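*Asks:* The following comprises the amino acid sequence and a computationally predicted model.
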Amino acid sequence: MTSLDEFLQSQLPAALELLRQMVGINSFTGNRGGVNRLGRFTAESFAPLGFAAEFMPSTNPGYGDHLVLTRPGRGPKSIAMISHLDTVFPPEEEVRNNFRWQPEGDLIYGPGTHDIKGGTAMMWLVLLALRERAPAVFDAITWKLFWNSSEEVISKDFGDVCRARFDAGTLAALVFESEGRLGVERLMVIARKGRVTWRVTVTGRGAHAGSKHRHGANAAVQLGLTLQRIAALTDYSRELTFNVGTIAGGGVLNRVPHEAVAEGEMRAFTPEACAAGKAALLALAGPGEIRAVADRFACDVQVEILSESRSWPRNPATDRLAELWQQAGVELGIPVNIEQRGGLSDGNQIWDAVPTLDGLGPWGDNDHCSERSADGSKVPEFVEISSFVPKAALNTAAILKLAEQSVPERSR
Ligand SMILES: [Zn+2]
C-alpha cells in the first residue's frame, strides 16, 4: 500500500485538471449563466464519487443556483463541506487584464485559483483520499457538500440552505476557504469578524456662496467633522475597526452644499463589540455643530445601518475541531496553528448551528486581484501547487479523527 502522500501526489494532476476547467468557466457573481454552468460542472465532477445533486435557486433572481451534493452514508453521522461557486471577476475584466489559467513554476495564476475553486479541488482530493484510504469510514458518513452561488456579495439565504440540511448527526461544517500562513505554520481559521455597513447623510442649507454665505449651513463641512469622529471610534485594542469607504457631497462651487453623504463599514469579532460600535455610531445622529451664521440654522446628521453580517466569535466547539487538525499536524509533521480573520465567510452564517472550522483550502495569495504589472508591483490571484498535497493529507487525517467522534449533544 502506498502512503497517503504518494496517493495524493498521484491524484494531484487530476485535481489540477479539474481546477483548470473550473477556472476556465467565468463565474462572476453577476454572471448567472456562468455560475450555473460551474455548478453543473462541479456536480458532474463529484458524481463519480457517488454524490447526487440538488440545485437551490437564490432568493435574488440575479444570482445563480446554490449547489448541494449529498452522498448518504450507512451510519448516523454526517459531515458538511462548504465552498462557493462565484468569483469577483467580471468576464470583461478577465479579458482586459488577460487574467486566465497561467501556471508558472509552483504557482498557478487565474480567477478563483485560490478563492475558492482551489478549495473545491481540495475537497475533491480529500474525498478521493478518504474513499481510497478509509473506505469503511467513507461509506459510513453522510457527506453533504454545499456551494454558495453568491458568497462574494454575502447572500444570506445560503446560510438557510445549509442550516435546513444539517441534522442531529452533523459532526462539523468544514469551510474550504484559503489557508493562512505564518512562516511554516498553516493557520486554521477559528473566528471571523462581523460587519456592519452604514451611511451618514448630512442635510444642511444651501446658499449663494457669494451673496448669502452667512445663510448657508455647509453639509460638506459637517460631514467632515462627523467622519473624523467615526474614524476615531476604531479601537484596535478591541479589534473594532471603522472604515470610511465613500464620500460625496455638494454640487457646484458657487453654492454652499446642502447635502453630503458618506458610506462605510465597521467590523469586530464579538457580538458585544459589534453592538458597542453600532451604538457609538448611531449616537452621532442629530443636530450638527455647523450652523448658518445668519439664524443659527443647524445641519442635521442622519445615520443609517445598511446591512449587518454576524460575527463568528471564538467558541469551544470550533476550538475542539481546530485541536483535531493540530493533532493531525503533529502526527504528520506539519506545523498547524489557528488564526482569527477579519474577512467574512459562510462560516459566519453557520458557526452556531454546527461546530465550524475554516481555512481548509490550499495556500495562495492576492485574492480579488486581477492586474499584473511588468515591474512586478502588481500580481494577480494565485494558488501554490505544492500546498495541495500536505494540506490534503492534513485534512484527510483530521477528518478521520473527526469521524471517530460521537455525535455531539446539542441544545437547540
Ligand atoms: Zn471565498
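*Replies:* Sure, I can see it. Here the structure is a predicted model, which is why all the values come from computation and not from measurement.

*Asks:* tally of neighbours for the residue lying closest to Val23 once chain neighbours are set aside?
*Replies:* Leaving aside its sequence neighbours, Val23 sits nearest to Gly110 (Cβ to Cβ, 6 or more residues apart in numbering; 4.4 Å). From N, CA and C alone the C-beta is placed, and that goes for glycine too. Around Gly110 sit 27 other residues, with neighbours defined as other Cβ atoms under 10 Å.

*Asks:* Would you confirm that Gly110 contacts Asn97?
*Replies:* No. Gly110 lies out of contact with Asn97 (Cβ atoms under 8 Å); the separation is 11.2 Å.

*Asks:* How about the stretch 251-400 of the chain: which residue is closest to the ion?
*Replies:* Ser345 (6.3 Å; Cβ to the ion).

*Asks:* Backbone dihedrals for the closest residue to that residue other than its chain neighbours, both of them.
*Replies:* Using Cβ to Cβ, 6+ apart and skipping the chain neighbours, the partner closest in space to Ser345 is Glu177 (5.0 Å). Main-chain dihedrals, Glu177, degrees, to the nearest 10: phi -70, psi 170.

*Asks:* Report the contact partners of Glu177.
*Replies:* By Cβ atoms under 8 Å, 6 or more residues apart in numbering, Glu177 lies in contact with Asp115, Ile116, Gly119, Val189, Ser345, Gly347, Asp358, Gly359, Leu360, Gly361.

*Asks:* again, only using 6 Å
*Replies:* Ser345, Asp358, Gly361 (Cβ atoms under 6 Å, 6 or more residues apart in numbering).

*Asks:* show me what contacts the nearest residue to the last one once chain neighbours are set aside?
*Replies:* Leaving aside its sequence neighbours, Gly361 sits nearest to Gly119 (Cβ to Cβ, 6+ apart; 3.5 Å). In this structure, Gly119 makes contact with Ser83, Phe176, Gly361, judged by Cβ under 6 Å, 6+ apart.

*Asks:* before we move on, which element is the first one in?
*Replies:* Ser83 is part of strand 78-84 when elements are defined by DSSP states H and E.

*Asks:* that older thread, residues of the strand or helix carrying the residue nearest to Gly361 that come out buried?
*Replies:* Here Gly119, judged by DSSP H and E, is contained in helix 117-133. Residues 117-130, 132-133 are the ones in helix 117-133 that count as buried (16 or more other Cβ atoms under 10 Å).

*Asks:* Looking at those residues, which is nearest the ion?
*Replies:* Nearest to the ion, judged by Cβ to the ion, of the buried residues of helix 117-133 is Gly119 at 7.5 Å.

*Asks:* Got the phi and psi for Gly245?
*Replies:* Taking degrees, to the nearest 10 as the convention, Gly245 sits at phi -100, psi -50.

*Asks:* Show the model's pLDDT score for it.
*Replies:* Note on Gly245: pLDDT of 95.

*Asks:* and if you look at the one 4 residues further on?
*Replies:* In this prediction, Gly249 carries a pLDDT score of 96.

*Asks:* likewise Met123?
*Replies:* Per the predicted model, pLDDT is 98 at Met123.

*Asks:* same question, Ala191
*Replies:* 97.

*Asks:* coming back round to it: now, which of the contacts of Gly119 sits nearest Glu152?
*Replies:* Closest to Glu152 out of the contacts of Gly119 is Ser83 (12.5 Å), distances taken as Cβ to Cβ.

*Asks:* and the gap between Arg40 and Asp365?
*Replies:* With distances taken as Cβ to Cβ, to the nearest Å, Arg40 is found 30 Å from Asp365.

*Asks:* Most neighbours among the contacts of Glu177, please name it.
*Replies:* Per-residue neighbour counts (other Cβ under 10 Å) across the contacts of Glu177 peak at Asp358, which has 30 neighbours.

*Asks:* farthest residue from the center of this protein?
*Replies:* Here the centre of the chain is the reference, and by Cα atoms, centre = their mean the most remote residue is Ser211, at 52.8 Å.

*Asks:* got the phi/psi numbers for that residue?
*Replies:* Phi and psi for Ser211, reported as degrees, to the nearest 10, are phi -90, psi -20.

*Asks:* which ones are touching it?
*Replies:* Per Cβ under 6 Å, 6+ apart, neighbours of Ser211: none.

*Asks:* now do Arg229
*Replies:* Per Cβ under 6 Å, 6+ apart, neighbours of Arg229: Leu284.

*Asks:* Now do the helix or strand it falls within: distance to the chain's middle.
*Replies:* Assigned by DSSP H and E, Arg229 falls within helix 219-232. The chain centroid and the centroid of helix 219-232 are separated by 30 Å under Cα atoms, centre = their mean, to the nearest Å.

*Asks:* what's the model's confidence in it, averaged?
*Replies:* The pLDDT scores in helix 219-232 average 98.

*Asks:* buried residues in that helix?
*Replies:* Ala219, Ala220, Val221, Gln222, Leu223, Gly224, Thr226, Leu227, Ile230.

*Asks:* and if you look at stretch 162-179?
*Replies:* For stretch 162-179, by 16+ other Cβ under 10 Å, it's 162, 165-166, 170-179.

*Asks:* what two of these are the furthest from one another?
*Replies:* Distance extremes for the buried residues of stretch 162-179: the farthest pair is Arg165 and Glu179 at 25.9 Å, using Cβ to Cβ.

*Asks:* Get me the contact residues on the stretch 51-200 of the chain for the ion.
*Replies:* Proximity of the stretch 51-200 of the chain to the ion, by Cβ under 5 Å from the ion, involves residues Asp115, Ile116.

*Asks:* And the residue of the stretch 151-300 of the chain closest to the ion?
*Replies:* Closest contact between the stretch 151-300 of the chain and the ion, by Cβ to the ion, is at Glu177 (5.1 Å).

*Asks:* Find me the pLDDT at that residue, would you?
*Replies:* 97.

*Asks:* can you tell me which residues contact the closest residue in space to Glu259 that isn't next to it in sequence?
*Replies:* Of all residues not flanking Glu259 in the chain, Ala219 sits nearest, at 5.1 Å (Cβ to Cβ, 6+ apart). Ala219 makes contact with Val202, Gly204, Gly249, Pro257, His258, Glu259, Ala260, Cys299 under the criterion Cβ under 6 Å, 6+ apart.

*Asks:* Appreciated, that's everything.
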